[in-house]
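Participant: Got a predicted model here, sequence first, then my questions.
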Amino acid sequence: MTATSLRTSPSPSATGGRGSYWITTFGCQMNKADSERMAGILESMGYREAQAELEADLVLYNTCTIRDNAEQKVYSYLGRQAQRKRVNPNLTLVVAGCVAQQEGESLLRRVPELDLVMGPQHANRLDVLLAQVEQGQQVVATEEHHILEDITTARRDSSICGWVNVIYGCNERCTYCVVPSVRGKEQSRLPEAIKLEMEGLAAQGFKEITLLGQNIDAYGRDLPGITPEGRRQHTLTDLLQFVHDVEGLERIRFATSHPRYFTERLIDACADLPKVCEHFHIPFQSGDDEVLKAMARGYTVDRYRRIIDRIRERMPDASISADVIVAFPGETDAQYHRTLDLIEEIGFDQVNTAAYSPRPNTPAADWPNQLSEEVKVERLREINALVERVARQRSARYAGRSEQVLVEGINPKDPEQVMGRTRTNRLTFFPAARAGGGQWQAGDLVEVRIEEVRAFSLSGTAQP
Ligand code: SAH
Ligand code: SF4
Ligand code: F3S
């Protein structure tokens, strides 16, 4: 997982009053969305954004513990700040997110300079927790907490593409994964609250919303209500139908999907609802049934194939991305090769790959059949090469085609270009200058003729 600094330029609306803050975010979109809300809370408290991490009066690391290397990165960042705090006792140091939840009190023992350790369920309470810190306490907030609707406005990174949480937590028990223990039980937001947030974003000019959940297909399981036909009243399919017509929005996406719960009804709704984009992120984790069983994923490779077939029946050009783990405990060479074969067979547009990393409080970490570091490195290297080759083949289909691109902004590597994404989520670059004069702006929907294809991005020119 990569570390991203939330912002690089100061907020014009910030008025100051309490000093400056800096947030660095590690991990997944869930953490990024939490960081945006925490930044909003800090600004409403009178903090303004710092120009540089080492100048900030309050530093918040929103952490990830999905793999060991993600966790270790946090400790190296923290070491630097702890040193600063020894010469500047007014510095406020906060660790939020999944490492905070996992380590709790023991983080304070490891880094005594910390002021606040707060789990992800407490993100919306940052102001309350900081008030306790201001009274001179060292605070640890990791108890199970019902996530409250946030009344502050998130300080969002983009003004075009926004994230909206729909379900927090995860009730699955995949044997390798820390998420259920750090993110807690599933908590779905009410459809009305989700729609209200989306309407607010659309009114501000947002064009694309990604609905978020670790296991988004589980949306609504914890909400009451049964339809006259005996179905659950609240499902992701019903939610998509409910929010689809928010005026001003052009595109709706959702992630992450679990193959166990991905229904035909959902596929049909995606095909029928014009704003829902033809891109599906459905991690398969392994191409071998025995490994899937050991992972406790609750589906077979065949079931996965049927989902993809059905998607392609209804949306032939849909793009498919996934996550996969190699070198899971006991994974044989033959089992690993089934994963490679599946990548080739499905023809994924993008696959996030990882070598298995043993995590605290997960069953697989205690199994005796762990694979060596050499096997992990070698399998990861080989699978990455395959993923790139398959993605390149998939990209080839765009050559010469015209694709609708939603402009997100200037290409940071070439200010003459703008960048955006196709409906299928391929990053696309094209000249910023418009034929009749002026420039393409963030939020414009542009038909782009694709002239150059690469494994994970495209380039072209705007159609007249
Ligand atoms: N909820 C999603 C994924 C959440 S975590 C799902 O069920 O698919 C993101 C990805 O990290 C996972 O899909 C998995 O591929 C990877 N991952 C999780 N735990 C891991 C571990 N212990 N070692 C290596 N990769 C892991
Ligand atoms: Fe982890 Fe499995 Fe939940 Fe995904 S579904 S977050 S992999 S436990
Ligand atoms: Fe990492 Fe927590 Fe997300 S462990 S992947 S930040 S849910």
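Facilitator: Cool, the structure landed. None of these values were measured; they are calculated from a predicted model. Ligands and ions are numbered 1, 2, ... in the order given.

Participant: Run through the bridge partners of the closest residue to His146 other than its chain neighbours.
Facilitator: Spatially, and ignoring its direct neighbours in sequence, His146 is nearest to Gln187 (7.0 Å; Cβ to Cβ, 6 or more residues apart in numbering). C-beta: built from backbone N, CA, C; applies to glycine. For Gln187, the beta-bridge partners under DSSP bridges are Tyr168.

Participant: what's near enough to touch Gln187?
Facilitator: 146-147, 167-169, 222 (Cβ atoms under 8 Å, 6 or more residues apart in numbering).

Participant: Please apply the same query to Val276.
Facilitator: Contacts of Val276 (Cβ under 8 Å, 6+ apart): 240, 244, 252-254, 269-270.

Participant: hang on, the earlier thing: name the nearest of the contacts of Gln187 relative to ligand 2.
Facilitator: Of all the contacts of Gln187, Gly169 has the smallest distance to ligand 2: 8.7 Å, by Cβ to the nearest ligand atom.

Participant: where's that closest one relative to ligand 1, distance?
Facilitator: 11 Å (Cβ to the nearest ligand atom, to the nearest Å).

Participant: thinking that residue is in contact with Leu212, fair?
Facilitator: No - the criterion here is Cβ atoms under 8 Å, and Gly169 misses it with Leu212 at 11.9 Å.

Participant: Ligand 2 contacts on the stretch 151-300 of the chain?
Facilitator: Contacts of the stretch 151-300 of the chain with ligand 2, taken as Cβ under 6 Å from any ligand atom, map to 170, 172, 174, 177, 179-180, 214-215, 258.

Participant: Need the max-distance pair from these.
Facilitator: Spatially, the most separated pair among those is Pro180 and His258, at 12.6 Å (Cβ to Cβ).

Participant: then the strand or helix carrying Lys293 to PDB, C-alphas only?
Facilitator: Using DSSP states H and E, Lys293 sits within helix 289-295. Extracted as PDB, the C-alpha positions of helix 289-295 are listed here (Å, rounded to 0.1, in the frame of the first residue of the first chain):
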ATOM      1  CA  ASP A 289     -10.400 -24.300  -5.100                       C
ATOM      2  CA  GLU A 290      -8.400 -25.900  -2.300                       C
ATOM      3  CA  VAL A 291      -6.600 -22.600  -1.600                       C
ATOM      4  CA  LEU A 292      -9.900 -20.700  -1.700                       C
ATOM      5  CA  LYS A 293     -11.200 -23.100   0.900                       C
ATOM      6  CA  ALA A 294      -8.200 -22.700   3.100                       C
ATOM      7  CA  MET A 295      -8.800 -18.900   2.800                       C
END
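
Participant: so does the helix or strand following that helix get close to ligand 1?
Facilitator: Downstream of helix 289-295, the first helix or strand assigned by DSSP H and E is helix 301-314. No - judged by Cβ under 6 Å from any ligand atom, helix 301-314 and ligand 1 are separated, with a smallest distance of 11.9 Å.

Participant: Do the helix holding Lys293 and ligand 1 come into contact?
Facilitator: No - judged by Cβ under 6 Å from any ligand atom, helix 289-295 and ligand 1 are separated, with a smallest distance of 9.5 Å.

Participant: helices or strands next to that helix in the packing?
Facilitator: If you count contacts as 3 or more Cβ pairs under 8 Å, 6 or more residues apart in numbering; DSSP states H and E, helix 289-295 packs onto helix 333-346.

Participant: List the buried residues in the helix it packs on.
Facilitator: Buried residues in helix 333-346, counted by 16 or more other Cβ atoms under 10 Å: 335-336, 338-340, 342-343, 346.

Participant: For ligand 1, state which of the residues you listed is nearest.
Facilitator: Thr339 (11.5 Å).

Participant: and the closest one, what does it touch?
Facilitator: 286-288, 291, 324, 326, 383.

Participant: what does the domain assignment say about this protein?
Facilitator: Listed by automatic domain parsing, the domain ranges of the chain are 3-141, 161-397, 399-462.

Participant: now the shortest one: how far from the chain's centre is it?
Facilitator: Taking Cα atoms, centre = their mean, to the nearest Å, one finds the center of domain 399-462 at 23 Å from the center of the full chain.

Participant: Quick one: end-to-end distance for it.
Facilitator: 14 Å (Cα to Cα, to the nearest Å).

Participant: can you give me the helices in this protein?
Facilitator: 29-44, 68-87, 97-103, 105-110, 126-134, 179-183, 191-203, 236-243, 264-272, 289-295, 301-314, 333-346, 373-396 (DSSP state H).

Participant: out of the contacts of Gln187, which are buried?
Facilitator: So, by 16+ other Cβ under 10 Å, the buried ones in these are 147, 167-169.

Participant: can you name the two of these that are farthest apart?
Facilitator: Ile147 and Ile167 (10.2 Å).

Participant: Now do the phi/psi pair for Thr256.
Facilitator: phi -110, psi 140 (degrees, to the nearest 10).

Participant: Kindly report the same for the one 3 residues further on.
Facilitator: Main-chain torsions, Pro259, degrees, to the nearest 10: phi -60, psi -30.

Participant: Could you tell me which residues of the protein lie near ligand 3?
Facilitator: So the chain meets ligand 3 at 27-28, 30-31, 64-66, 97-98, 178-179, 182-183 (Cβ under 6 Å from any ligand atom).

Participant: Could you check which residue of the stretch 351-464 of the chain lies nearest ligand 3?
Facilitator: Arg359 (9.0 Å).

Participant: I'd guessed that residue sits against Ala365; true?
Facilitator: Yes - contact criterion Cβ under 8 Å: Arg359 and Ala365 qualify, at 5.7 Å.

Participant: okay, now Val301: neighbour count?
Facilitator: Val301 has 20 neighbouring residues, counting by other Cβ atoms under 10 Å.
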